[in-house]
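> what shape does this take:
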Amino acid sequence: MFPHELNDPRAFEIAQAMLEGFDKHYRLFRAASATAKQRFEQADWHGQQRAQRERIEFYDLRVDEAVALLEARYKTSELPSEVWQQVKLHYIGLLTKHLRPELAETFFNSVTTRILHHSYFHNEFIFVRPAISTEFIENEEPAAQPTYRCYYPSQDTLRDTFMRIVWNFQLALEFEDLGRDIDLVLKAVGEQLGAFRWRTNFQVQVLSSLFFRNKGAYIVGKVVNGFSETPFALPILHKEPAPGADAPANANGAKEPTAARRLYIDAALFGEDELQMLFSFARAYFLVDMEVPSAYVQFLRSLMPRKPRSEIYSALGLQKQGKNLFYRDFLNHLRHSSDKFRIAPGIKGMVMLVFDLPSYPFVFKVIKDFYPPQKDTTREQIQAKYLLVKQHDRVGRMADTLEYTRVAFPRHRFEDELVAELKHFCPSLLEETGEDLVIKHLYIERRMVPLNIYLQEASPAQLAHAVVEYGNAIKDLVAANIFPGDMLWKNFGVTRHGKVVFYDYDEIEYLTDCNFRKVPAPRNEEEELSGEVWYHVNKLDVFPETFGPFLLGHPGVRDVFMAHHADLLDPAFWQTHKERILAGHVEDVFPYDPHKRFHVHGVAPALKVPEPQDRELPIH
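Residues are numbered from 1 along each chain as shown. Below is the predicted model:
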């Protein structure tokens, strides 16, 4: 029960200190997002990627600061429960007019659970459910920027309206030919909407901040025509100076490296599916300057109603809020389901024990306590690999993971075989407390069809597409300075959109740390006939020629692979990309179909892949 009186002055001070800690976090978070515009204008691609990576660490740093401060001032770990009950009530009062109450509640939970014993995690001391509504929050200050702007064009002014939409973002660089690009956008709008009837309330709604990621900036909005709404996104890219072109000098005679650059609109993306790809769980988080995050999430949810709010928060860089909402959704699913957790179907991993709930589209991965001899690794090294992926540009080819500690599952929902596996392979991470089974550390990933299983059951067209996609996935990872390590088909999955995504990270390395070599020629007949590797191999040596025997046993797979991706078996391919990255080059990896690009011609038609049929999906 909550106390009838708020009679302990420490409670208000603690609540206020917690909120100040959160506000400091969001100021820094927002500053990193706001300066993305300047980095984009300066073509500071390394700085943009660095900001994306460093921003992920902000939250835990601020939580640690708050915990240390509260413990030093108030010895909070020793306070009685009555004080903590009052702290929460005061905190709720402080949030009544806050613009980001849901994020502040999550911050409160993070700090509190670091201080208190885990037995308190499900009681009234934390926000198991939100206490403050996020509906219709807006900054009511006269000078405040609205979450989105509305434009009301007529049929004669639609072109001018889209010109104004772009101008309103006040980008410092000029466009190469904005009129040309807007004409291409309008042509795409016409093709998308067809011969529609122009309704009285025709309008274009556009979010007030640009979405920045890697080398792109995105305008995101929707066209409203009567009762129909069409989501859209317009990617803005840099037109690179021609090789050898000399940039103009400024008044002081110094070269202006960005002066020769121009901007252009690269494509027009429409509909929920294309927006889903842009906001995919396999891509890095956006940098977006948001005063009211919940309003951005509400708008984006209107564009992608099938995308959970948890994934939208994560895509906006608010991954801790995404984790919090995901866990609430998971608990709700448990309450409304009755099937049991089981060992995930498919080939078992050597370093991860993977289990799933058939009715839930995610898998749960636990690091084993011991590994076979060929896996020379440690728990700490595996966790470091997963952190690398979290902080790196995932280029649409590496699944995002949610990392949790001390997750309590209802024991009766576990199959006995799974419990036996957990007790055998992961005893150090397992704890039984009454009716609960507590797993001390695990990762959660979206479920996909393992590529090896997909290929076994695929039609010829599906097989061809999947093999091409597999090679494209590896090349996208190469562009992002990632060598996947173990390239076997079983370590890749197929999404419902037919995309191939990598999900096994325990052998991942930076491409630039690897040494790509040709297999030496044998010096004598004995070496030539040897079944063992007779030449010296260092730890990070890679021999691409040796991939073939492991990957290309199926004739149909081999034919498609060699027609599209034979270069992956050539050390020169890998070494060339390594040298380009070391020289500072940042590759373009587009989060949309190349055929959508306005200024690219002569691209061969993409292979179309039917979605997997409704059946039980094997799990990695």
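> and the contacts of stretch 336-347?
With CB atoms under 8 Å, 6 or more residues apart in numbering as the test, stretch 336-347 has contacts from 353-360, 363-364, 409, 413-415, 417-418, 421, 450, 452-453, 490, 616, 618-620. For the C-beta atoms, the positions are set from N, CA and C on the backbone; glycine is no exception.
> buried subset of these?
For the contacts of stretch 336-347, a neighbour count by 16 or more other CB atoms under 10 Å gives the buried set as 353-358, 360, 363-364, 409, 414, 418, 421, 450, 452-453, 490, 618-620.
> you'd agree residue 65 is in a helix?
Yes - counting by DSSP: H, G, I helix; E, B strand; the rest coil, residue 65 is part of a helix.
> which pLDDT does the model give the residue lying closest to it once chain neighbours are set aside?
With sequence-adjacent residues excluded and distances taken as CB to CB, 6 or more residues apart in numbering, residue 65 is closest to residue 21, at 6.3 Å. What the model reports for residue 21 is a pLDDT of 97.
> I'd say residue 21 and residue 110 touch.
No - with contact defined as CB atoms under 8 Å, residue 21 does not reach residue 110; the gap is 9.9 Å.
> confirm residue 141 sits in a strand?
No - using three-state DSSP, the secondary structure at residue 141 is coil, not a strand.
> for residue 174, list the residues it contacts.
Contacts of residue 174 (CB under 8 Å, 6+ apart): 262, 263.
> distance-wise, check it relative to residue 511.
35 Å (CB to CB, to the nearest Å).
> cool, and residue 37?
Residue 37 sits 30 Å away from residue 511, going by CB to CB.
> what's the answer for residue 501, then?
Taken as CB to CB, the span from residue 501 to residue 511 is 18 Å.
> try residue 472
Counting by CB to CB - residue 472 and residue 511 are separated by 16 Å.
> ok, now residue 463?
28 Å.
> same question, residue 68
With CB to CB as the criterion, residue 68 and residue 511 are 38 Å apart.
> which one's more surrounded, the two?
Between residue 68 and residue 511, counted using other CB atoms under 10 Å, residue 511 has the larger neighbour count: 21 against 11.
> where does the more buried one land on pLDDT?
pLDDT, residue 511: 96.
> do residue 611 as well
42.
> residue 605 now?
39.
> for the helix or strand where residue 578 lies, packing partners?
In the assignment (DSSP states H and E), residue 578 maps to helix 571-582. If contacts are counted by 3 or more CB pairs under 8 Å, 6 or more residues apart in numbering; DSSP states H and E, helix 571-582 sits against helix 460-479, strand 515-516.
> let's go with 6 Å and repeat that
strand 515-516 (3 or more CB pairs under 6 Å, 6 or more residues apart in numbering; DSSP states H and E).
> chain center to the strand it packs on, what's the gap?
Distance of strand 515-516 from the chain centroid (CA atoms, centre = their mean, to the nearest Å) equals 29 Å.
> over to stretch 131-143?
Using CA atoms, centre = their mean, the offset of stretch 131-143 from its chain centre is 27 Å.
> endpoints of that stretch, how far apart?
29 Å (CA to CA, to the nearest Å).
> one more: stretch 397-408?
Terminal residues of stretch 397-408 lie 31 Å apart, using CA to CA.
> quick one: buried residues of that stretch?
Buried residues in stretch 397-408, counted by 16+ other CB under 10 Å: 397, 398, 399, 400, 401, 402, 404, 407, 408.
> looking at these, which are in strands?
402, 404, 407, 408 (DSSP state E).
> next one: the helix holding residue 578 to chain centre, how far?
Relative to its chain's centre, helix 571-582 lies at 26 Å (CA atoms, centre = their mean).
> pLDDT on that helix, on average?
For helix 571-582, the mean confidence score works out to 96.
> kindly report the same for stretch 190-209.
What stretch 190-209 shows for mean pLDDT is 85.
> in that stretch, what counts as buried?
202, 204, 205, 206, 207, 208, 209.
> check stretch 146-166 too.
Using 16+ other CB under 10 Å as the test for burial, stretch 146-166 gives 147, 148, 151, 153, 158, 161, 162, 163, 165, 166.
> any chance of TSV for these, columns distance to residue 82, secondary structure and pLDDT?
Below are those laid out as TSV (distance: CB to CB, whole Å; DSSP: H, G, I helix; E, B strand; the rest coil; pLDDT from 0 to 100):
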residue	distance to residue 82	secondary structure	pLDDT
147	40	coil	94
148	45	strand	95
151	55	strand	96
153	60	coil	92
158	63	helix	92
161	59	helix	96
162	60	helix	96
163	62	helix	97
165	55	helix	97
166	57	helix	97
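> export these to JSON lines and tack on distance to residue 264?
Rendered in JSON lines, the data for the buried residues of stretch 146-166 read as follows (distance: CB to CB, whole Å):
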{"residue": "147", "distance to residue 264": "27"}
{"residue": "148", "distance to residue 264": "24"}
{"residue": "151", "distance to residue 264": "22"}
{"residue": "153", "distance to residue 264": "22"}
{"residue": "158", "distance to residue 264": "20"}
{"residue": "161", "distance to residue 264": "19"}
{"residue": "162", "distance to residue 264": "14"}
{"residue": "163", "distance to residue 264": "14"}
{"residue": "165", "distance to residue 264": "15"}
{"residue": "166", "distance to residue 264": "11"}
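> which among these gets closest to residue 368?
Proximity of these to residue 368 (CB to CB) peaks at residue 147, which lies at 46.0 Å.
> so, low pLDDT: which residues of the stretch 251-400 of the chain?
For the stretch 251-400 of the chain, the stretches with pLDDT under 70 are 251-259.
> try 90 this time
Scanning the stretch 251-400 of the chain for pLDDT under 90 picks out 251-261, 281, 345-349, 373-377, 391-393, 395.
> quick one, strands of it?
Applying DSSP state E, counting those that start in this stretch to the stretch 251-400 of the chain gives strands spanning 262-265, 269-270, 342-343, 352-356, 362-367.
> mind putting the buried residues of stretch 190-209 into TSV with secondary structure and distance to residue 545?
Shown next, in TSV, are the buried residues of stretch 190-209 (DSSP: H, G, I helix; E, B strand; the rest coil; distance: CB to CB, whole Å):
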residue	secondary structure	distance to residue 545
202	coil	59
204	strand	54
205	strand	54
206	strand	51
207	strand	49
208	coil	53
209	coil	48
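> which of the residues you listed sit farthest apart?
Top of the distance list for these (CB to CB): 202 and 209, 23.9 Å.
> show me the chain divided up by domain.
9-120, 148-242+253-332, 337-447, 448-620 (automatic domain parsing).
> just send these back as a markdown table, with distance to residue 135 too.
What follows is the domains of the chain, written out as a markdown table (distance: least, CB to CB, whole Å):
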| stretch | distance to residue 135 |
| --- | --- |
| domain 9-120 | 11 |
| domain 148-242+253-332 | 8 |
| domain 337-447 | 26 |
| domain 448-620 | 31 |
